[in-house]
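Novice: Starting from these lines, generate the structure:
(chains A and B)
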2 protein chains.
Amino acid sequence: MEIITGGVTAAEGFEAASTAAGIKYQDRTDMALVYSKEPCVAAGTFTTNVVKAAPVQWDRQVIDGKGKVQAVVVNSGIANACTGKEGLGYCEETARAAGEALGIAPESVVIGSTGVIGMQLPIEKVKAGVRVLAEKKNGSLDNGTDAARAIMTTDTCEKELAAIIKVGEKTVTIGGMAKGSGMIHPNMCTMLAFITTDAVIGQETLQKALSEDVQDTYNMISVDGDTSTNDTVLLLANGLAGNPEIRYGTPEYETFAGALHAINEYLAKKIAGDGEGATALLEARVEGCENREQAKTLAKSIVCSNLTKTAIAGHDANWGRILCAMGYSGAQFDPENVDLFFESKAGKIQIIENGTALPYSEAEAAKILSQPEVTVIADVKMGEAGAAAWGCDLTHGYIDINADYRS
Amino acid sequence: MEIITGGVTAAEGFEAASTAAGIKYQDRTDMALVYSKEPCVAAGTFTTNVVKAAPVQWDRQVIDGKGKVQAVVVNSGIANACTGKEGLGYCEETARAAGEALGIAPESVVIGSTGVIGMQLPIEKVKAGVRVLAEKKNGSLDNGTDAARAIMTTDTCEKELAAIIKVGEKTVTIGGMAKGSGMIHPNMCTMLAFITTDAVIGQETLQKALSEDVQDTYNMISVDGDTSTNDTVLLLANGLAGNPEIRYGTPEYETFAGALHAINEYLAKKIAGDGEGATALLEARVEGCENREQAKTLAKSIVCSNLTKTAIAGHDANWGRILCAMGYSGAQFDPENVDLFFESKAGKIQIIENGTALPYSEAEAAKILSQPEVTVIADVKMGEAGAAAWGCDLTHGYIDINADYRS
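Specialist: All right, here's what the predicted structure looks like:
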């Protein structure tokens, strides 16, 4: 596998576009299109929230019906969630407008929305935007990046990555984009992320690859513990690489799954590190566990703890909060057998050994915790399994954004 | 039942004291004693965190062994958690010092600690403090209030309440004190709270009354989602009221349980409303549920949502975040059947009906949400059960306190 420049337009036959449709934001782009020259087999994972946004309901029909997908239309600013039958009707209208403008079936158009819950979309602006997107689309990397920018809400940077692998004699490309950055606590699935590939691969194999990897990537991040109504990951494969079909359980599948994982993990970490108000990416690695579930439970509890997150914001090696968060996670371990380390580009330091503090240097710890990426490593010394989770620090910026986001 | 002035010294035969022992804070009291002239039957509930502070381990031995209790020694500043065998040894030393100073058995002394995790107690200062407390103790209401103040950490006010009931011809008094105000997400039990009564009542009946009521009071509050290592509620009954013994299932038990509930609910709400950095108490009432568990799950999810809490801080009627929090709670309901209201001293307003927004006045909603106590009422229209949970808004103050609490 090799990481290359690009995002959703990196793979053969994919095009993208963005436009400022004026849905809610002024003076910035707020709609994006991802289009494939050939119909794609498609896999998706969606929010487990009982309250499901209209586009989630629309997309699930398409994906569950194993329908082919040829276009994705995304808007930012308004989430089209808690909008009843009217909101679901707007999905259909958007798909129909895109179908007409692109000359494809409305049933092959999937939709993503992100932004404020409870507002109705200005549907005429959306439909006008769709027509502009259809005209502007092309396969350039720049258009891919612009699309990644148009789907942002409180994100501070676009998030995209691409990779190539060899399948037989053929080069297969996978690329993706994602957005955060509040209401991030994906459960079974995630935020808006769109991955494209030119691989030849069956729908069931594609879905399996996505569903399995989401557990270790998007489902292991948290910004604020709030599981969104709109979480969506879509993976589209148009087959234009012409490779021999990738089948489950083969070495080629492992290679493909590895590249998919690299992209998903990169995007997931980007979402976590760009959490609302964040100044640091917080990685929690828990090692020495009896099994992977235990490790994941402990790691996720650390990155979800408000007190741990504020300590990271203050560059304070307040390890008691970390042990406390592990303690209430629901996973069993012996607190008097835990070793704890902090690590970043500035170095690595052991803070506790067998549950009690070592005489470490607070100044050195603070230096390590002042980096933009900080890792907490906990070893519970019970077995061989480990896992990582990602979050961010909790700062004044989060309060600023969310005490005043809607208006 | 009648609410009266007072706290832990309101009931017959209970005395209290406080002192500035210089454990970690300077220029304020940091140790408290609650003493009963007669040995008490005692009930307790403790943190479910796997990481249990030394005093929790000490107290559980006493309570589980159904030992009589005659004194409670509490310190603030240092939590004596994650302190290993040394920390547990300090509990024993403290109990022995209190036993000597008070002329009682060390096994009848229980201990509470709150503050920073991972630091060892300066045990000589603690023991000197115990001797001062034993000399200063008396049964005045002022001494009770001073004790409630000495156990505070980041709390901004002391929390105490007392009530009287009639049992036969006799007047029985119950009084209590509690402290918050960060690392508050009690699970099965709670923060530091100490309730005293002069009732004649058996230990098992007392424990049953406490264990049942904790589920509806302390376990229904959250400040930051972090379940502490030190959560403790102790209920002491010294029998000095001379009433006929209160037995489970009788009308007298119901009266006693009702008074206990009034005190626990008051203290729990006080803890929530005085959460770190809080400017408002957030009450969530969920009605129309099929059963009480469903109502409790939904109500607690609302008060735990960081996004709901920041919206309350901004006086923003961002109801989508509330519906979202209900949606990821794990409880089932039909989002398109929900009615939602905001209520405070400034009035009551319906925001959504059957899952979609009414044309309410944003200005009126903001006025209602600007009060120091704000209630969200959600009706899911499935049955007759309801429940309440309590939290607070999430503000810059929380960040200020916790990005810099330890140092």
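
Novice: what's the single longest helix in chain A?
Specialist: helix A:251-273 (DSSP state H).

Novice: Now for whichever residue of the stretch 301-407 of chain A sits closest to chain B, how many residues are close by?
Specialist: Closest to chain B within the stretch 301-407 of chain A is residue A:320: 2.5 Å, counting by CB to the nearest CB. To be clear about C-beta, it is placed using only N, CA and C from the backbone, and glycine gets the same treatment. For residue A:320, the count of nearby residues is 25 (other CB atoms under 10 Å in any protein chain shown).

Novice: okay, now residue A:251: neighbour count?
Specialist: Residue A:251: 8 surrounding residues under other CB under 10 Å.

Novice: again, but for the one 3 residues further on
Specialist: One way to gauge burial is a neighbour count; for residue A:254, by other CB under 10 Å, it gives 12.

Novice: Over to the one 10 residues further on?
Specialist: Residue A:264 is surrounded by 26 other residues when neighbours are defined as other CB under 10 Å.

Novice: measure it to residue A:59 for me?
Specialist: 18 Å (CB to CB, to the nearest Å).

Novice: Retrieve the pLDDT associated with the residue of the stretch 151-300 of chain A found nearest chain B.
Specialist: For the stretch 151-300 of chain A and chain B, the shortest gap (CB to the nearest CB) falls at residue A:227, measuring 3.7 Å. What the model reports as pLDDT for residue A:227 is 78.

Novice: Could you find the closest non-adjacent residue to it?
Specialist: Leaving aside its chain neighbours, residue A:227 sits nearest to residue B:328 (3.7 Å; criterion: CB to CB, 6 or more residues apart in numbering or on different chains).

Novice: ditto for residue A:301
Specialist: Nearest in space to residue A:301, with sequence neighbours left out and distances taken as CB to CB, 6+ apart, is residue A:329 at 3.4 Å.

Novice: thought the one you found was touching residue A:297?
Specialist: Yes - using CB atoms under 8 Å, residue A:329 is in contact with residue A:297, at 5.1 Å.

Novice: More neighbours: which of these two?
Specialist: residue A:329 (23 against 18).

Novice: Next one: the more buried one relative to residue B:229, how far apart?
Specialist: According to CB to CB, residue A:329 and residue B:229 sit 13 Å apart.

Novice: so how far is the host helix or strand of residue A:312 off the chain centroid?
Specialist: When elements are assigned from DSSP states H and E, residue A:312 belongs to helix A:306-313. Offset of helix A:306-313 from its chain centre (CA atoms, centre = their mean, to the nearest Å): 22 Å.

Novice: Kindly report the same for stretch A:95-109.
Specialist: 26 Å.

Novice: go on, stretch A:34-42?
Specialist: Its chain's average C-alpha position is 21 Å from that of stretch A:34-42, according to CA atoms, centre = their mean.

Novice: how about the residues of the stretch 251-400 of chain A near chain B?
Specialist: A:304-307, A:310-311, A:313-314, A:316, A:318-321, A:323-329, A:331-333, A:335-336, A:352, A:355-357, A:394-396, A:398-399 (CB under 8 Å from any CB of the partner chain).

Novice: Can I have the buried ones of those as a ChimeraX selection?
Specialist: Applying 16 or more other CB atoms under 10 Å in any protein chain shown to these, the buried members can be selected in ChimeraX as follows:
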select /A:304,305,306,307,310,311,313,314,316,318,319,320,321,323,324,325,326,327,328,329,331,333,335,352,355,356,357,394,395,396,398,399
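
Novice: The residues of the stretch 251-400 of chain A next to chain B in helices, which ones?
Specialist: Among those, the members found in helices (DSSP H) are A:304, A:306-307, A:310-311, A:313, A:319-321, A:323-327, A:396, A:398-399.

Novice: Which phi and psi values does the residue in the stretch 101-250 of chain A that chain B sits nearest to adopt?
Specialist: In the stretch 101-250 of chain A, the residue found nearest to chain B is residue A:117; the distance is 2.5 Å by CB to the nearest CB. Main-chain torsions, residue A:117, degrees, to the nearest 10: phi -80, psi 140.

Novice: List the contacts of the closest residue to it other than its chain neighbours.
Specialist: Nearest non-adjacent residue to residue A:117, counting by CB to CB, 6+ apart: residue B:320, 2.5 Å away. Residue B:320 makes contact with A:79, A:81-82, A:116-118, A:229, according to CB atoms under 8 Å, 6 or more residues apart in numbering or on different chains.

Novice: Could you dump those into JSON lines with neighbour count and secondary structure added?
Specialist: As requested, the contacts of residue B:320 are arranged in JSON lines below (neighbours: other CB atoms under 10 Å in any protein chain shown; DSSP: H, G, I helix; E, B strand; the rest coil):
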{"residue": "A:79", "neighbour count": "29", "secondary structure": "coil"}
{"residue": "A:81", "neighbour count": "29", "secondary structure": "coil"}
{"residue": "A:82", "neighbour count": "26", "secondary structure": "coil"}
{"residue": "A:116", "neighbour count": "18", "secondary structure": "strand"}
{"residue": "A:117", "neighbour count": "26", "secondary structure": "coil"}
{"residue": "A:118", "neighbour count": "25", "secondary structure": "coil"}
{"residue": "A:229", "neighbour count": "30", "secondary structure": "coil"}
